[in-house]
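# got a predicted structure here, sequence first:
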Amino acid sequence: MSNPPSSPLTTPMPWDLVAPAYAEEIVPVFEQFAADAFRLAAPAPGARVVDVACGPGTLAFLAADAGHPVDALDFSPQMIERLAARKGAIGDTHVTPHVGDGQALPYADATFGAAFSMFGLMFFPDRAAGFRELRRVLVPGARAVVSSWTRLEDNPVLAAMFGALRETLSRVLGPNAPKPGSSEMPLVTEDLCRTEMSAYFSDVEVHPIAHTQTLASVDDVWPSFARTMAPLALMKKNLPAPAWAAVSDAADAAIRKAIGDGPPSATLPAWLTVGVAR
């Protein structure tokens with residue numbers, strides 16, 4: 001129940017890279033997943049909740065708007081900076097941001113009436129610790145919701161994009177080139193979600209949820225992905241400019257072919273796994 005500690009996605013840096021665009025471009029579609037998660041958790045009125053790996057605070061502000069005091073924690077200082085900026089801009093008094101580690105939460109036992117980790121815990125180096133900590137800080141009977149993506153092949157646009165990236169990187173950099181999207185992510189099946197959460201929670205339910213990200217033009221799809229997806233931002237940072245230009249052109253072409261004449265959109269299928277603290 002762990003990710004390779006050498007994976008760059010288990011460190012704050014790639015998430016810092018995407019934080020500005022993430023806050024501006026991804027929040028609208030992620031708010032839909034957050035609303036689903038909040039509905040499934042059904043915290044008691046006024047209950048204190050925690051949002052772990054909160055990013056720019058998508059779920060945290062939704063819960064605050066519903067009258068809940070929220071502790072929002074992320075290991076990315078840039079994500080917390082975006083959250084704090086939004087908090088100041090809207091005059092929010094319910095969300096308390098923290099830079100910290102979701103595998104060692106800085107909260108007392110049995111503190112919260114609901115807990116969430118939206119597309120965050122799946123990247124933890126030690127997912128078991130992430131689940132264990134969510135359980136520890138919940139009052140008995142409260143629910144936790146953990147969201148994760150389904151398999152890459154369930155998303156034809158992203159599958160085509162990553163296939164083009166792998167092919168072009170191999171051609172440009174040789175056989176030792178990185179192979180993005182070639183290894184399966186954690187928590188991508190219903191069985192995996194149920195098994196890992198059941199180690200610490202009771203009455204586990206796994207809900208398939210999908211929402212669609214739509215952009216104004218097909219010209220915007222690849223640039224938005226490149227700005228908001230941490231693996232792509234890290235690739236851009238690490239590749240020589242000519243190599244990045246080659247993979248960028250290939251990915252853009254693959255996305256256009258996958259979308260075809262339809263609207264410039266990508267359906268994002270996910271799992272929302274719910275468990276009860278007993």
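Received the coordinates, thanks.
# who's in contact with stretch 78-90?
In this structure, residues lying in contact with stretch 78-90 by Cβ atoms under 8 Å, 6 or more residues apart in numbering are 12, 15-17, 19-20, 22-23, 54-57, 60-61, 72, 74, 92, 95, 97-99. C-beta coordinates here come from the backbone N, C-alpha and C atoms, glycine included.
# buried set for it?
Across stretch 78-90, burial judged by 16 or more other Cβ atoms under 10 Å covers 78-84, 86-87.
# which of the residues you listed lies closest to L152?
Nearest to L152 out of the buried residues of stretch 78-90 is M79 (Cβ to Cβ; 23.9 Å).
# give me the contact list for the helix or strand harbouring A250.
Taking DSSP states H and E as the criterion, A250 maps to helix 241-259. Residues from elsewhere that reach helix 241-259 (Cβ under 8 Å, 6+ apart): 156-157, 159-161, 163-165, 167-169, 171-173, 218, 221-222, 225-226, 235-236, 239, 265.
# what packs against the following helix or strand past that helix?
Moving toward the C-terminus from helix 241-259, the next helix or strand (DSSP H and E) is strand 265-276. On a contact count with 3 or more Cβ pairs under 8 Å, 6 or more residues apart in numbering; DSSP states H and E, strand 265-276 meets helix 27-41, strand 138-149, helix 190-198, strand 202-214.
# and strand 265-276, which strands flank it?
Here strand 265-276 has these sheet partners by DSSP bridges: strand 138-149 (antiparallel), strand 202-214 (antiparallel).
# tell me the angle the shortest one makes with helix 190-198.
If I follow you right, that is strand 138-149. Going by axes from the mean of the first three to the mean of the last three Cα atoms, to 10 degrees, strand 138-149 is angled at 160 degrees with respect to helix 190-198.
# buried residues in strand 138-149?
By neighbour count on 16+ other Cβ under 10 Å, the buried set for strand 138-149 is 138, 142-149.
# go on, stretch 64-78?
Counting neighbours by 16+ other Cβ under 10 Å, the buried set in stretch 64-78 is 64, 68-76, 78.
# mind pulling up the pLDDT for A266?
Per-residue pLDDT puts A266 at 85.
# what sits closest to it if chain neighbours are left out?
V157 (4.3 Å; Cβ to Cβ, 6 or more residues apart in numbering).
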